[in-house]
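Student: okay, structure incoming, though there's no sequence with it:
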């Protein structure tokens, strides 16, 4: 049987989702538990990577098992063994051809920025910019990025690694509640550092370091050297991944 698992985690102390030699990752923690339960190696497949320090409300992975447990039992068994900064939200039995990465229809990310006083208790979970942002200017620039574009300038993937760097950004909303500015992005897929580069450059607009024309120029350039601005990982959350197989 194949199971799709929605998992939430605080990524502060992990080297990201993907297994890396000599560093602790989310994938490694979960695979170790599942392998111990099965008395054999078990591999899990995530919807995509999250970088070191990035958090998730709704990362999705799948795994195969011949153990006689239903979804409720699986959730209880995993949560009983996971550390307190990782928790299984829900589990679904899915068709055997389901793949957490390749079956994904869209992903949603949130990015949080604190524009007020530095908060020592929230610094791992928000970008502590501690400066005011021009939200209207950022929204104007964000409108240029919505739609289907070649986002080569806003990612670090090489052309050899990812020949097609065209993606569709369905939504890029910017809201402010008190001192917290929230960027909400939804699209059919995101390349490495893409969300953080989009947000980082929009923050530059909000600080009047860049203009809307600069954002258009960077987008049109389709050039890895057009910008090197990347927002810090701590403010980024993978909120959800959408599939036709999972309600």
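Tutor: Thanks, I have the structure now. Computed from a predicted model, the values in this text were never measured in an experiment.

Student: the protein: helices as residue ranges?
Tutor: For the chain, applying DSSP state H gives helices covering 26-38, 71-81, 135-145, 194-206, 212-221.

Student: which of those helices sits closest to residue 2?
Tutor: helix 71-81 (11.8 Å; Cβ to Cβ). From N, CA and C alone the C-beta is placed, and that goes for glycine too.

Student: and the closest one, average pLDDT?
Tutor: Mean pLDDT, computed over helix 71-81, is 98.

Student: stretch 173-190 now?
Tutor: 98.

Student: which parts of that stretch are buried?
Tutor: Burial within stretch 173-190, assessed by neighbour count using 16 or more other Cβ atoms under 10 Å, is assigned to 174, 180-183, 185-187, 189-190.

Student: which one among these gets closest to residue 240?
Tutor: residue 186 (8.8 Å).

Student: excluding chain neighbours, what is closest to residue 129?
Tutor: residue 113 (5.1 Å; Cβ to Cβ, 6 or more residues apart in numbering).

Student: quick check: bridge partners of the one you found?
Tutor: Partner residues in beta bridges with residue 113, using DSSP bridges, are residue 127, residue 181.

Student: can I see the domain layout of the chain?
Tutor: The record's domain parsing of the chain by automatic domain parsing lists 2-102, 106-241.

Student: tell me the pLDDT of the residue lying closest to residue 53 once chain neighbours are set aside.
Tutor: Of all residues beyond its chain neighbours, the one nearest residue 53 is residue 233 (3.6 Å), with distances taken as Cβ to Cβ, 6+ apart. At residue 233, the model reports a pLDDT of 98.

Student: residues near the residue nearest to residue 129, how many?
Tutor: 25 (other Cβ atoms under 10 Å).

Student: could you report the pLDDT at it?
Tutor: So residue 113 comes in at 99 (pLDDT).

Student: show me the contacts for it.
Tutor: Neighbour list for residue 113: 126-127, 129, 133, 180-183, 203, 235 [criterion: Cβ atoms under 8 Å, 6 or more residues apart in numbering].

Student: do residue 98 as well
Tutor: Taking Cβ under 8 Å, 6+ apart, one finds 2, 4, 62, 243, 245 in contact with residue 98.

Student: just those: which are in strands?
Tutor: In strands, judged by DSSP state E, the following of these are found: 2, 4, 62.

Student: which among those residues gets closest to residue 141?
Tutor: Closest to residue 141 out of those is residue 4 (36.0 Å), distances taken as Cβ to Cβ.

Student: look up how far residue 115 lies from the closest one.
Tutor: 37 Å (Cβ to Cβ, to the nearest Å).

Student: so for those two, which sits in the more crowded spot?
Tutor: A count of neighbours by other Cβ under 10 Å puts residue 4 above the other of residue 4 and residue 115, at 25 against 20.

Student: so the more buried one bridges to which residues?
Tutor: residue 62, residue 92.

Student: surely it meets residue 246?
Tutor: Yes: taking contacts as Cβ atoms under 8 Å, residue 4 lies within contact range of residue 246: 5.8 Å.

Student: what's the burial count for residue 47?
Tutor: Counted with other Cβ under 10 Å, residue 47 comes out at 27.

Student: in this structure it contacts residue 59, no?
Tutor: Yes: under the contact definition of Cβ under 8 Å, residue 47 touches residue 59, with a separation of 6.4 Å.

Student: hmm, back to that, okay, the helices of the chain in CSV with mean neighbour count and distance to residue 91 next?
Tutor: What follows is these, written out as CSV (neighbours: other Cβ atoms under 10 Å; distance: least, Cβ to Cβ, whole Å):
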stretch, mean neighbour count, distance to residue 91
helix 26-38, 18, 12
helix 71-81, 15, 4
helix 135-145, 18, 35
helix 194-206, 25, 26
helix 212-221, 16, 39
